[in-house]
Structures are given as structure tokens and as C-alpha cells.
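Undergrad: Dropping the sequence and predicted coords here.
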Amino acid sequence: MATSSSSAPCFTLVAEDPASDSLASLQTADLRAALEKGTDELKLDTLRRIIVATLNGQPQPALLMPIIQFVLPSKSKQIKKLLHFYWEICPKLDENGKLKQEMILVCNAIRNDLQHPNEYIRGATLRFLQKIREPELLEPLVPTCRACLEHRHSYVRKNAVMAIFQIYKNFEYLIPDAPELIQTFMAAESDTTSIRNAFTMLQAVAPSRAVEYFLSIYDQVANLDEMMQLSVIELIRKKAPSAAEGSLKARYIKCIFELLNSGSHSVKYEAAATLTTLTQNPAAVKAAASCLVQLVLSEPSNNVKMIVLSRVAALHQKHEHVLDDLVTDLLRVLASPDMDVRKKALAIAMDMVNGRNVDDVVGFLKKELARTTDPSFDKATEYRQLLIQTIHTCAIRHSEVASSVVHVLMDFLGDASNASAVDVVAFVREVVEKFPDLRQGIVAKLLDTFGEIKSGKVFRGAMWIVGEYAGSVEEVRQAMQQVRKVIGEVPILASEQRLLDQAEQDAAAEADQVNGDSALVQKPTATSTTRVLADGTYATETVFSSSSATAAASLEAVKAAAKPPLRALILGGDFYTATVLAATLTKLVMRFKELVGAGEARAVNELRAECMLIMTSIIRVGQSHFASVPIDEDAQERIMSCLQALAELDNASAGSDRARVVEEIFLRDTQAAYAKMVEHEEKKALEKKKREDKAQAVQADDLIQFRQLAKKQPGADAADEYETDLTKATGATDAAKDDFVSKLQRVVQLTGFSDPVYAEAYVHVQGFDILLDVLIVNQTLETLQNLTCEFATLGDLRLLERPVPYTLGPQSFQSVKATIKVSSTETGVIFGNIFYDGAHTTDSHCVVLNDIHIDILDYITPAYCNEGQFRSMWTEFEWENKVNVNTSIDDLRSYLQHIMSSTNMACLTPDAALEGDCGFLSANLYARSLFGEDALANLSIEKLADGTLQGHVRIRSKTQGIALSLGDRITISQKNLP
């Protein structure tokens with residue numbers, strides 16, 4: 001039977017050596033001469049080039065006989081090895097599908113090699129026979145292969161077993177008694193590799209005989225070598241679900257339990273994975289998980305650690321509370337220096353924490369946190385931040401440990417790492433909101449650490465906490481005392497000017513001492529300019545200034561002098577922190593007035609005057625040359641509004657509605673807004689957990705399987721986990737979800753209906769591959785010869801296959817498949833041509849195909865992150881793409897939903913912040929690609945008076961490709977509205 005092109009073996013494309021002449025430039029006669037008269041080195045080189053050409057689709061059938069005549073008799077081991085490659089790939093059948101006559105000579109040579117006195121030639125030849133699929137060629141060699149089972153050398157015997165395995169598997173009639181032969185062979189064999197190969201064969205062709213042999217060596221399994229133990233595990237995995245007797249299955253499980261203590265990591269992993277498929281007993285599941293955790297601890301490879309941790313996570317998801325007792329063992333994985341391993345381990349451990357082990361977990365994490373203070377600790381900053389976030393999560397979930405960890409974490413508020421300190425402030429803020437009993441102690445501890453804080457962001461969070469939760473007179477007074485310490489002497493401008501004057505005097509005195517004559521020192525100079533006054537008249541303005549160099553040096557010296565931390569931030573230009581200070585001072589004054597009542601008006605006025613002095617001082621110094629940058633308009637307006645609120649404080653007591661509203665905003669609304677945000681986050685986390693639980697839940701109308709009533713056949717009890725993984729890897733599950741309509745939407749027309757050749761392609765995205773199923777139709781009444789469909793790619797796409805020529809009859813069609821590998825989310829384009837010859841070979845034609853644009857949405861999935869992570873990535877990412885809003889949609893929320901559906905991005909802004917209709921909308925969006933690329937977007941739009949929307953979408957990512965691709969997608973979606 002002729003071998004069809006669809007079933008022909010597919011070989012690897014091998015690039016030719018650019019330094020040598022290509023095969024196309026050499027004539028067949030030249031190659032024949034090289035084979036006939038050349039040396040062994042020349043024959044070796046020529047044969048290698050013929051093999052490469054054959055692999056690349058250029059067979060040389062005319063050279064088959066010269067190779068048999070002049071190369072086959074060679075004694076060179078390298079030539080023999082290359083000949084095995086050549087016999088494997090060369091065309092061995094004629095036009096009628098029968099074995100070529102020349103192959104009889106080849107068969108005789110192979111038989112001679114199978115009887116060669118050199119055991120390595122025998123073994124290599126037996127390995128070569130495993131790849132032969134022509135029964136006519138194999139039939140004369142069967143007796144010799146059987147004889148090789150009795151060879152004295154184990155290398156020959158183990159390859160003979162695999163050769164017989166492949167022959168029996170593909171052509172059972174050639175060796176009908178192979179199972180009995182191999183079983184007899186195993187009884188007398190002593191080589192472990194040969195026994196393992198024979199056992200593998202029996203598993204595939206005679207499982208009952210494999211089980212029989214396994215039972216005969218049952219007591220010796222623990223002492224077998226690694227490969228044999230893996231084969232035993234594979235047998236148990238396949239046979240145990242269909243075991244006819246419960247006692248046999250019990251022996252299987254007992255054997256797997258013993259293999260959990262094997263010295264091989266591979267055996268341990270496979271045994272643990274198999275045990276969880278055989279039984280759902282909690283003790284067995286816990287033993288398997290414990291084995292996996294020990295593997296993570298002992299395995300040096302980080303990749304293996306991640307794989308095993310993923311298996312532990314899957315086990316815990318399936319058996320929620322069974323593995324909780326292993327959390328302390330799992331935390332030992334944190335000794336690994338790799339941050340990805342640490343993150344994975346902590347994520348799994350947090351799901352295992354419960355009321356019984358939470359104290360042990362928190363205690364361990366606090367010890368790890370203390371270790372990060374060691375300067376020699378590797379990746380201390382990043383690891384500390386991870387630990388702080390984990391303790392935060394643990395304390396919020398289990399309130400009983402919040403009081404024990406909050407004070408420990410607050411010691412890191414002055415940490416040099418801004419990210420760690422910010423995480424601590426976020427944790428403290430959430431704790432004081434959710435646990436009112438801890439507020440007094442936390443506020444006192446927070447005030448004590450004010451002088452250690454270095455970051456403006458940390459100061460802002462700390463001051464907000466103090467302003468909202470300082471609930472007693474003593475706490476307000478303590479807060480004001482700490483503010484005085486961190487702000488320094490006020491008014492700020494006057495004190496800084498005094499320091500500058502003193503510095504200039506010291507500089508002048510030093511110059512007098514150096515020069516010896518004060519007359520040589522430059523005196524202040526007068527500069528006169530003409531100014532136009534408001535009434536239109538002219539006036540002369542004279543400015544006296546000292547030496548510019550001396551003044552600049554003195555000013556820089558004053559700026560560089562040591563200052564209290566908050567004062568240094570304000571003079572450094574951080575006026576956003578200054579606005580938070582102003583709001584905090586306003587809250588403290590209002591709360592103090594509320595606490596002491598009308599009887600302490602003098603104390604209230606003193607506190608109010610001091611706070612107003614600090615605010616005024618900030619504005620004045622922000623307008624002076626002492627600040628690194630001038631105060632911005634927004635900050636000044638915010639501080640002025642706080643000043644006005646304090647100035648009108650007495651009006652609230654007098655019954656002023658406006659003053660009462662302002663006081664309500666400062667004292668109640670801001671805290672209520674944060675409480676609502678915390679509630680929203682909890683609700684979102686609860687909804688996420690419900691979705692996960694719902695996805696795992698069994699539906700009410702699902703079939704119930706009764707094991708006692710099921711057919712006794714492999715896989716009848718439960719789906720094979722390995723087969724399920726294979727199905728997912730091949731994309732079969734995704735293909736089953738696609739209905740007919742969705743498939744039609746992916747059909748792309750490549751040519752016009754009036755073209756002589758019509759082509760259309762179905763684009764199927766499967767993981768990191770794009771599969772093109774191209775239908776080519778010959779619309780002419782002529783036969784088209786050498787028709788090839790050639791594709792090329794633009795972007796991070798790579799074509800994996802070489803085009804094959806076809807002959808297409810009149811009005812007939814041909815299906816062509818092409819596979820393209822995708823390596824990033826960058827916009828990719830596939831373009832190509834169809835080449836064909838008409839009735840005459842010189843009559844060549846070309847049809848240009850339409851471009852196929854890769855849809856970025858196939859590789860983008862919605863993702864979620866917290867506000868801190870979003871801001872950190874937004875600052876870090878370099879590439880930004882700004883897309884202006886140009887749409888006919890007139891509703892703000894509708895446009896947001898349209899952008900989210902068009903880009904597969906998730907909205908991070910809480911729904912509470914998007915409620916209402918105020919004429920503008922701002923939202924943060926986030927998505928992640930299959931390649932691990934993060935995509936951020938910020939939508940800022942407003943609704944104009946005429947009802948149209950105006951604004952922009954800013955997209956940021958680490959790479960340029962994804963930013964541009966998402967921008968193009970948004971631009972197209974604005975034009976193509978549903």
C-alpha cells in the first residue's frame with residue numbers, strides 16, 4: 001500500500017552549512033563520483049549533505065544504488081551511524097507502494113550488522129530498527145532480533161527488547177508470541193535496564209502479564225533502581241482504577257506508600273501524584289503532600305520547586321483543610337533565595353492558615369522579618385516587603401493576632417525602603433479601622449515613631465491615621481507635640497532666613513580673616529530697573545544684593561543643613577505632604593474643640609492659632625527661595641481652605657450651616673469614605689472566593705457515578721489526571737467550547753471571489769501557537785501544478801513549517817495547515833502569496849493574499865492588583881501610549897464598559913467611586929498577557945455641555961508592543977461601535 005502524504009513522517013528542517021556548496025549547485029554525477037572514488041571523510045561529508053537535502057524535501061533517489069554499492073560496505077563507525085539516518089528517511093517504496101528491490105541489499109547489510117561481533121554496532125542497529133515502519137524490510141530481520149535477546153552484553157539485550165516492542169506494536173503478526181517471549185526473557189534476565197524495558201513493553205501490549213510480574217517482585221520494589229520504580233508507578237497508575245479486587249488495589253496503594261520514601265526525587269514526585277489519584281483518604285493525601293513539601297525543601301532547582309509547589313496548591317484546593325497542619329513545614333521553603341519560590345510558598349501557606357496554627361505562622365513570619373534587618377541578608381528589601389504584605393493579610397483574616405503583629409510592623413515605618421514602610425502604613429490604617437479596641441495603642445505607638453519616618457508617602461498615611469483616630473484630649477496634645485518636633489521652629493521662613501543671615505555673616509567674617517582687609521570684600525551692589533505702575537506711571541526700582549557666589553553658597557549650605565524630617569520634606573518641594581499636614585491639623589483642632597467643649601475656649605484658640613501659624617508658614621516658605629520648587633497652586637489652595645475652615649471655626653458654634661458642614665466633612669466623611677472602601681474590598685474578596693467555590697462545585701443535575709455498578713475497564717471510575725493534562729495541553733477542551741458561529745467569526749478571506757484561486761483561512765489560537773487552516777479552491781478549468789501557499793510574518797511571530805507543493809485539479813480544493821509560534825503580545829501580521837504553474841511549467845502565476853492581523857485579545861486576560869502595585873508599576877513602566885477619546889457614546893459609564901470589553905481589561909477603581917453623575921470619570925484598568933506582560937491604563941473623561949465625551953486613555957507597559965497594540969485596539973473600537 002502506498003503511503004499517503006498525510007501519514008508520511010514529518011522530519012526536522014535542517015539548515016545547510018553556508019560555508020559549503022549547496023546541494024542544488026552540485027550535479028548528481030558529482031555526488032556519485034564523490035561516493036564512488038572519495039575517501040571515507042569525503043563519503044561522510046557527501047552522505048551528510050544528502051541526508052540534509054532529503055530532510056528538507058529534496059530526495060535523491062538516483063543515489064540510492066551508489067550509496068549501497070560504495071558506502072554500505074564501509075567499516076567506518078561514523079558512516080554506519082549516518083547510514084542508519086539515511087535508511088530511516090530515504091524513500092523505500094516505489095510508485096506502487098511496494099518495497100524497492102534495492103532495499104533487499106540493505107536488508108542483508110542490516111542483518112549482518114545485527115550479527116556483528118561488536119556489541120555496540122549490534123545495539124545501534126537495533127535502535128535503528130525501532131524507527132522502521134516497512135514490514136517487508138523488518139520480516140527477514142525478526143529471527144536475528146530474537147537471537148539478540150540471548151546476547152552476552154546487556155547493551156544488545158536492552159535494545160533488542162525495545163526493537164521487538166516496536167515491531168510487535170506496529171506489526172503484531174511478525175512476532176505473535178512477543179509477550180510470552182519477553183516474559184520468559186524477564187525471568188532469566190539480571191540487567192536492570194533490560195528488565196525495565198521488558199516491563200514497559202508488557203505494560204503496553206500485555207498488562208495482565210505486567211501485573212503478574214509486578215506481584216512476583218512486590219516485596220522488592222523499594223530496592224529497585226529508579227527507572228524500574230517509575231515503570232512500576234506507571235503500571236499502578238493505569239491499572240489501579242480498574243482493579244477487579246479491593247485487595248489488589250490495597251497492595252497497589254501500599255506499594256506507592258513505600259515509594260514515597262524512595263531516594264529518588266523523580267520517584268517521590270510520581271508516587272505522590274499517583275497516590276492522590278488512587279485514593280481520597282485524608283491520611284494518604286496528607287502523606288503525599290508532606291512528600292511534595294520535602295521535595296521542595298531538598299530540590300536545588302528553582303523550576304522544580306515551582307512545579308512541585310503548583311502540585312501542592314492543586315492538592316490543597318481539592319482537599320481544603322486536610323493539609324493545614326503542613327503549613328509550618330511549607331514555611332521552611334522561605335529559606336530558598338529565589339523570590340518567586342518564596343511568593344508561591346507564602347501564597348499557598350496563607351490559604352492553609354486557620355485559627356489553630358495562625359499563632360505559629362505569625363511567629364515564624366516575625367522571625368523571618370527580624371532576619372531581614374541583617375545587612376548581609378540577600379534581597380532583604382524585597383523579601384521584607386513580601387513578609388509585611390503576608391502578615392498584613394494574615395492579621396486581617398485572623399483578628400486575634402492583629403494586636404501582636406501591628407506593633408512589630410510599626411518598627412519598620414522608618415525603614416529605608418519606601419515600599420516596605422508604605423505597606424506597613426497601609427496595614428496600620430486597615431487595622432485601626434477594623435479593630436477599634438486597638439486604636440489607642442496604635443496611635444500612641446505611631447506618634448512615637450514620627451521622628452523616624454523618612455518618606456513623604458509614609459508621613460501622609462501616618463498623619464491621616466492620627467487625624468482620624470486620635471480620639472482623646474491627651475492624644476491630640478501628644479500629636480501636636482510630635483508635629484512640633486518633626487516640623488521644627490516656626491515660622492519656617494523667618495527661622496530659615498535667620499540661618500541664612502548667620503551663614504552670610506560667617507562667610508563674610510571668614511573672608512575678612514583670609515583677605516586681611518575688609519575693604520577687599522565685595523560690598524552689596526545696587527541694581528536699578530524701570531517699572532510700570534498700575535496707574536500707568538513709571539517708577540525706578542533699586543535692588544541691593546550681596547555677591548551672588550557668596551549668597552548662593554550660603555543658601556545651599558542652609559538647605560543642606562540637618563533639619564527635622566517633615567520640615568526637610570516641605571523644603572524639598574513635597575507640598576502634597578504639606579496639604580495632608582494642614583488637613584490633619586484642622587481635624588485635630590476641630591476634634592479638640594469637640595472634646596473639651598465651650599469651657600476651654602482659650603486652649604482651643606491657642607491650638608488653633610498655632611496650627612494656623614504652621615499652615616501660613618508653609619505657604620510663605622513655599623513662595624520663597626528656600627523651597628527647592630515653588631508651591632503649586634493646588635497645594636496652596638488646599639492649605640488656604642484649611643486656614644479658612646479654622647478661621648470660621650467659631651461660626652459652627654454660632655449655628656452657621658456652612659461651618660457645620662465643613663466640620664462634618666473633616667471629622668466624619670473622610671473616615672466614612674475609607675470605611676466604605678475597606679468594606680468594598682472585603683466584598684470583592686468574598687465574591688472572588690464565591691466564584692472560585694462555584695467553579696469547583698458539583699451541579700445538582702450532574703450524573704452520579706456508582707463505582708459498584710460501573711463497567712470494570714480502565715478509566716471507568718474516574719478520569720485519568722494525566723490524560724486530562726494532555727487534553728488541556730493540546731487545546732482539545734478549548735476546541736470543544738467553540739461553537740460553529742464563533743468559528744465562522746474567525747474565518748478570514750485571503751483572496752477575492754474573482755481570483756483564479758480562492759483562499760480563506762480559519763485562525764485558531766491555541767496557547768502560544770496560531771493554527772491556520774487554509775482552504776484553497778481552484779476556480780479554473782485547468783490543472784494547477786506546483787501550487788504552494790507561502791506565508792511570512794511581521795512582529796514576534798515565527799513560522800514553523802515549510803510549504804509543500806500540491807497539484808490541484810479543475811474545480812477542486814485543498815486544505816493546507818500552517819503553525820505559527822507567538823512569543824509576545826506585540827501586534828503581529830501574517831501575509832503571504834499563492835504560487836502555481838499552469839498547463840506549461842513556464843506559465844507561473846502569483847496571487848497575493850490579504851493580511852491576517854493577530855487579535856491581541858486572544859492573549860490578554862483581565863487581572864487584578866492593589867492600588868500600591870498599580871502605582872508602582874505605573875511609575876516603573878517606560879512606554880506610554882495616549883489615545884484621545886473620539887466616540888459617539890454619550891454616557892460615561894457606558895464608555896468605560898465599552899473600553900473594558902474591547903480590551904479585556906479589568907477595572908480596579910471601586911464601584912463606589914464610580915457611582916453618581918458628576919460630569920467626569922477617572923478609572924484605572926489592568927490586564928495581563930499570557931506571556932506575563934502587565935498592561936496598565938488610566939481613563940480620564942468628562943461630559944461636555946453638548947453631551948459629547950472628551951478626554952483620553954493613557955496606556956503604560958514595560959514593552960512598546962503591548963502599549964501600541966492596545967492603543968490601536970481602542971482606536972478601532974471607538975469607530976466600530978456595537
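TA: That came in fine, so what should we check first? Residues are numbered from 1 along each chain as shown.
Undergrad: Quickly list the domain ranges of the chain.
TA: Domain ranges of the chain: 470-508+549-647, 736-854, 857-975, per automatic domain parsing.
Undergrad: hey, least reliable of those domains by pLDDT?
TA: Of all the domains of the chain, the minimum mean pLDDT falls on domain 736-854 (a mean of 81).
Undergrad: to the chain's geometric centre, what's the distance from the helix or strand hosting Val621?
TA: Counting by DSSP states H and E, the element that carries Val621 is helix 601-622. In terms of C-alpha atoms, centre = their mean, to the nearest Å, the centre of helix 601-622 is found 51 Å from the chain centre.
Undergrad: Give me the buried positions along that helix.
TA: Buried residues in helix 601-622, counting neighbours by 16 or more other C-beta atoms under 10 Å, are found at 604, 607-608, 611-612, 614-622. Heads up, the C-betas are built off the backbone N, CA and C, glycines and all.
Undergrad: same deal with stretch 188-208?
TA: So for stretch 188-208, counting by 16+ other C-beta under 10 Å, buried means 189, 193-203, 205-206.
Undergrad: Give me the neighbour count for the nearest residue to Leu555 once chain neighbours are set aside.
TA: Leaving aside its chain neighbours, Leu555 sits nearest to Leu500 (6.3 Å; criterion: C-beta to C-beta, 6 or more residues apart in numbering). A count of nearby residues for Leu500, using other C-beta atoms under 10 Å, gives 18.
Undergrad: name the element Leu500 belongs to?
TA: Element membership for Leu500, per DSSP H and E: helix 492-515.
Undergrad: Tell me which other helices or strands that helix touches.
TA: Applying 3 or more C-beta pairs under 8 Å, 6 or more residues apart in numbering; DSSP states H and E, we find helix 492-515 packed against helix 548-560, helix 565-571, helix 601-622.
Undergrad: can you do 6 Å?
TA: helix 548-560, helix 601-622 (3 or more C-beta pairs under 6 Å, 6 or more residues apart in numbering; DSSP states H and E).
Undergrad: if we can go back for a sec, could you dump the buried residues of stretch 188-208 into a markdown table with pLDDT added?
TA: Below are the buried residues of stretch 188-208 laid out as a markdown table (pLDDT from 0 to 100):
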| residue | pLDDT |
| --- | --- |
| Glu189 | 90 |
| Thr193 | 92 |
| Ser194 | 93 |
| Ile195 | 93 |
| Arg196 | 94 |
| Asn197 | 94 |
| Ala198 | 94 |
| Phe199 | 94 |
| Thr200 | 93 |
| Met201 | 94 |
| Leu202 | 94 |
| Gln203 | 91 |
| Val205 | 92 |
| Ala206 | 91 |
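Undergrad: Please identify the helix or strand for Val408.
TA: Using DSSP H and E, Val408 sits in helix 402-410.
Undergrad: That helix - contacts with which helices or strands?
TA: Counting contacts by 3+ C-beta pairs under 6 Å, 6+ apart, helix 402-410 packs against helix 380-397, helix 418-434, helix 439-448.
Undergrad: Make sure I have this right: Val953 is in a helix.
TA: No - under DSSP: H, G, I helix; E, B strand; the rest coil, Val953 sits outside any helix and is assigned strand.
Undergrad: can you give me the helices in the stretch 251-400 of the chain?
TA: 265-278, 282-298, 302-318, 327-331, 339-352, 358-371, 380-397 (DSSP state H, counting those that start in this stretch).
Undergrad: Format those helices as CSV; extra columns: mean pLDDT.
TA: CSV is the format used below for these (pLDDT from 0 to 100):
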stretch, mean pLDDT
helix 265-278, 91
helix 282-298, 92
helix 302-318, 91
helix 327-331, 91
helix 339-352, 91
helix 358-371, 89
helix 380-397, 87
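Undergrad: for Thr819, helix, strand, or coil?
TA: strand.
Undergrad: any idea how far Leu141 lies from Leu500?
TA: 101 Å (C-beta to C-beta, to the nearest Å).
Undergrad: hmm, back to that, can I get the domains of the chain in CSV with distance to Gln385?
TA: Below are the domains of the chain laid out as CSV (distance: least, C-beta to C-beta, whole Å):
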stretch, distance to Gln385
domain 470-508+549-647, 21
domain 736-854, 28
domain 857-975, 10
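Undergrad: Any idea what Ala935 is bridged to?
TA: For Ala935, the beta-bridge partners under DSSP bridges are Ala927, Ser957.
Undergrad: Am I right that it is in contact with Ala927?
TA: Yes - using C-beta atoms under 6 Å, Ala935 is in contact with Ala927, at 4.7 Å.
Undergrad: which regions of the stretch 1-150 of the chain sit below the pLDDT cut-off?
TA: 1-27 (pLDDT under 70).
Undergrad: can you pull out the helices in it?
TA: Under DSSP H, counting those that start in this stretch, the stretch 1-150 of the chain gives helices at 28-37, 40-55, 64-66, 77-89, 102-114, 119-129, 135-138, 142-148.
Undergrad: Same question for the stretch 751-900 of the chain.
TA: 867-876, 892-903.
Undergrad: which one of these lies closest to Glu430?
TA: Across the helices of the stretch 751-900 of the chain, Glu430 has its closest neighbour in helix 867-876 (12.3 Å, C-beta to C-beta).
Undergrad: could you give the angle of that closest one to helix 380-397?
TA: Orientation check (axes from the mean of the first three to the mean of the last three C-alpha atoms, to 10 degrees): helix 867-876 against helix 380-397 gives 150 degrees.
Undergrad: Could you list every helix and strand that helix 867-876 packs against?
TA: Using 3+ C-beta pairs under 6 Å, 6+ apart: helix 867-876 touches strand 934-943.
Undergrad: In the strand it packs on, which residues are buried?
TA: Buried, per 16+ other C-beta under 10 Å, within strand 934-943: 934-939, 941, 943.
Undergrad: same question, stretch 102-115
TA: For stretch 102-115, burial by neighbour count (16+ other C-beta under 10 Å) applies to 102-103, 106-107, 109-111, 113-114.
Undergrad: Next one: Leu667 relative to Ala583, how far apart?
TA: Noted for Leu667: a distance of 11 Å to Ala583, by C-beta to C-beta.
Undergrad: what about Cys409, distance to Pro375?
TA: Quick fix: residue 409 is Leu, not Cys. 20 Å.
Undergrad: Between these two, tell me which one has more neighbours.
TA: Neighbour totals were compared for Leu409 and Pro375, and Leu409 leads with 23 against 5 (other C-beta under 10 Å).
Undergrad: nearest residue to the more buried one other than its sequence neighbours?
TA: Val424 (4.9 Å).
Undergrad: Please name the residues that touch that neighbour.
TA: Residues in contact with Val424 (C-beta atoms under 6 Å, 6 or more residues apart in numbering) are 388, 409, 412-413.
Undergrad: what do you get for Ile79?
TA: Neighbours of Ile79 in contact, by C-beta under 6 Å, 6+ apart: Leu44.
Undergrad: repeat that for 7 Å
TA: Ile79 is in contact with 40, 43-44, 47, 71, counting by C-beta atoms under 7 Å, 6 or more residues apart in numbering.
Undergrad: just Asp329 next, same as before
TA: Taking C-beta under 7 Å, 6+ apart, we find Asp329 in contact with 290, 293.
Undergrad: The helices of the stretch 751-900 of the chain into a markdown table, with extra columns for mean neighbour count?
TA: Shown next, in a markdown table, are those (neighbours: other C-beta atoms under 10 Å):
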| stretch | mean neighbour count |
| --- | --- |
| helix 867-876 | 14 |
| helix 892-903 | 18 |
